[in-house]
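In: Here you go, sequence then predicted model.
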Amino acid sequence: MLNQPLSGNAMPRFGGVASMMRLPLPDSAAGLDAAFIGLPLDIGTSNRSGTRFGPREIRSQSALLRPYNLGSGAAPFERLQVADLGDVATNPYNLADSVARIEAAYDLALRHPVRLLGMGGDHTVTLPALRALARKHGPLGLVHVDAHADVNDEMFGEKIAHGTTFRRAWEEGLLAEGRVVQIGLRGSGYGAADFDWSRQRGFRVVTAEQCWHRSLGPLMAEVRAQMGKTPVYLSFDIDGIDPAFAPGTGTPEVGGLSSMQALEIVRGCRGLDLVGGDLVEVSPPYDASGNTALLGANLLFEMLCVLPAPAR
């Protein structure tokens, strides 16, 4: 019997346990095909803190979600055993220890054939996830949606922070050559060469300006061809979306993607060997209406909808 989200007809949506989509909260990933996992962290952020509260608010807003995707026709709970694994117990006083704790939690879950969808937390949380997944699958393709490239060499002398994630991942051999796409990059910078490090490593950089006034369906067809059969990770920073749609984030940038383009990107990952993903940088203190967390919850549901069917 596959788990199902608790229906609003069985329990009002404002009631019940606030798990992701009101799913069960098992003690381990045993028997699961996919699982949500909370990564509450904000000591890796460089501007506004608050993403430690992101997983809790995403779960709260996810009570509005239902099991069938009317837009794409996907019915993930008819083919996947899904649950919420709760939160990793991050260390609010030590970033390096928090990264190690997340990595260990992923290693433990990945002893089982489960595909994890992380709920951040600042973008530092993606590095330990990639480390654990690369140990299991080898170098990964990456679809990275963000306003920022996150390829700084250091931030205030620190090698690990939310703005260094993908440089560290590349240096550690976690990413597959020729299989990295960054979408939505934009904003002011320190110089014309800010995105050159990515391009020099063969990353495909798609700036926000290249996405303006267009459907991203054709772009995602190109991304699927580029990734081929490589195992792929989808990392979605909510600040890739314009702050008109998602104001509740630490480092907002104007001129971003629309919520509709965000759906096109995630739905465009159908057919990829998506081995995991995350939705990061939701900061509830700057999300007075809850719309940012609501969008984050919907994008995580969309990720669940495009996960490959398990071999049974």
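Out: Sure thing, it's come through.

In: Tell me if Gly118 really is in a strand.
Out: Yes: counting by DSSP: H, G, I helix; E, B strand; the rest coil, Gly118 falls inside a strand.

In: That one: how many residues sit nearby?
Out: Gly118 has 28 neighbours, counted by other CB atoms under 10 Å. C-betas here are computed from N, CA, C, even on glycine.

In: Could you verify that Ala96 is part of a helix?
Out: Yes: Ala96: assigned to a helix according to three-state DSSP.

In: how about stretch 29-45 as PDB, C-alpha atoms only?
Out: Below are the C-alpha coordinates for stretch 29-45, written out as PDB (Å, rounded to 0.1, in the frame of the first residue of the first chain):
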ATOM      1  CA  ALA A  29      14.300   5.400   4.400                       C
ATOM      2  CA  ALA A  30      13.700   1.700   4.300                       C
ATOM      3  CA  GLY A  31      11.100   0.800   1.700                       C
ATOM      4  CA  LEU A  32      10.800   4.300   0.300                       C
ATOM      5  CA  ASP A  33      11.200   5.300  -3.400                       C
ATOM      6  CA  ALA A  34      11.400   9.000  -2.600                       C
ATOM      7  CA  ALA A  35      11.600  11.100   0.500                       C
ATOM      8  CA  PHE A  36      11.600  14.800   1.500                       C
ATOM      9  CA  ILE A  37      14.200  15.700   4.100                       C
ATOM     10  CA  GLY A  38      14.600  19.000   5.900                       C
ATOM     11  CA  LEU A  39      17.900  20.800   6.000                       C
ATOM     12  CA  PRO A  40      17.400  23.700   8.400                       C
ATOM     13  CA  LEU A  41      20.500  25.900   8.100                       C
ATOM     14  CA  ASP A  42      21.300  29.600   7.700                       C
ATOM     15  CA  ILE A  43      24.800  30.100   9.100                       C
ATOM     16  CA  GLY A  44      26.300  29.700   5.600                       C
ATOM     17  CA  THR A  45      24.400  32.700   4.300                       C
END
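
In: Could you confirm Gln210 falls within a strand?
Out: No: counting by three-state DSSP, Gln210 falls outside a strand, being helix.

In: can you tell me how far it sits from Gly187?
Out: In this view, Gln210 and Gly187 are 14 Å apart by CB to CB, to the nearest Å.

In: Please apply the same query to Leu299.
Out: Distance from Leu299 to Gly187, by CB to CB: 21 Å.

In: between these two, which one's more packed in?
Out: In terms of neighbours (other CB under 10 Å), Leu299 is the more surrounded of Leu299 and Gly187; the figures are 25 against 16.

In: how about the nearest residue to Leu300, chain neighbours excluded?
Out: Leu279 (5.1 Å; CB to CB, 6 or more residues apart in numbering).

In: So which elements touch the helix or strand hosting that neighbour?
Out: In this assignment (DSSP states H and E), Leu279 forms part of strand 273-280. Other elements packing on strand 273-280 under the criterion 3 or more CB pairs under 8 Å, 6 or more residues apart in numbering; DSSP states H and E are strand 115-120, helix 126-137, strand 231-237, helix 291-306.

In: so what's Glu172 closest to, chain neighbours aside?
Out: Once flanking residues are discounted, Glu172 sits nearest to Arg131: 7.0 Å by CB to CB, 6+ apart.

In: burial measure for that neighbour, as a count.
Out: 19.

In: Contacts only, for it.
Out: 103, 106, 172, 174 (CB atoms under 8 Å, 6 or more residues apart in numbering).

In: For ChimeraX, write the selection for the buried entries among the residues you listed.
Out: A single ChimeraX command selects the buried members of those (16 or more other CB atoms under 10 Å):
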select :103,106,174
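
In: Where does Gln182 fall, secondary structure wise?
Out: strand 175-185.
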